[in-house]
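*Asks:* coords please:
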Amino acid sequence: MNILFFLTPKSEVAYITEDMTLRQALEKMENHRFTCIPVLGADGRYVGSITEGDLLWAIKNQYNLNLREAEKLPITDVRRKRDYMPVYVNETVEGMFNLAMSQNFVPVVDDRRMFIGIITRKDILQYCYKTWMAQDVREDKAAESER
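*Replies:* Numbering: from 1, shown residues only. This next block holds a predicted model:
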């Protein structure tokens, strides 16, 4: 199976770009109710991911909890604790699953590291659940036919 089966394309993904400010990132995350969001370069390449915690710590440590002073802070000046690791579009499903166990989403990039979308842990779990339920139904039917 190809990982593109799970892909939410870039056009449907909320993300921020490096030229945005801390406030713009907060507003986008609040609007979409996300706790982590991809960060893209001006050219569309995947740069990393930023979390609510990263933004909160920046406001606390650099601006003494004063959001007004932090409004103009470029997102590139916010230290990120950890980036969500991306997978290349030709990654195996197993490799993608391994990353999804420790990330809410897996960014997907092409061979030029251009961001093409994400795979959410929720989509993976829904697929696994449907597959598991279908297998359960097949086993029940097989058991009935043996009786």
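
*Asks:* Give me the pLDDT value at the residue nearest to the spatial centre of the chain.
*Replies:* In the chain, the centroid-proximal residue (C-alpha atoms, centre = their mean) is Phe105; its distance is 3.3 Å. pLDDT for Phe105: 95.

*Asks:* again, but for Tyr127
*Replies:* For Tyr127, pLDDT reads 87.

*Asks:* can you count the residues close to it?
*Replies:* Using other C-beta atoms under 10 Å, Tyr127 has 14 neighbouring residues. Any C-beta I mention is one placed from the backbone N, CA and C, and that applies to glycine too.

*Asks:* Not counting its neighbours along the chain, what's nearest the residue nearest to the centre of the chain?
*Replies:* Leaving aside its sequence neighbours, Phe105 sits nearest to Ile118 (C-beta to C-beta, 6 or more residues apart in numbering; 4.4 Å).

*Asks:* Need the residues that contact the lowest-mean-pLDDT helix or strand in the chain.
*Replies:* Lowest by mean pLDDT, DSSP states H and E among the helices and strands of the chain is helix 67-70, with a mean of 75. Around helix 67-70, the neighbours that count as contacts under C-beta atoms under 8 Å, 6 or more residues apart in numbering are Leu22, Arg23, Ala58, Ile59, Gln62, Tyr63.

*Asks:* All set, thanks.
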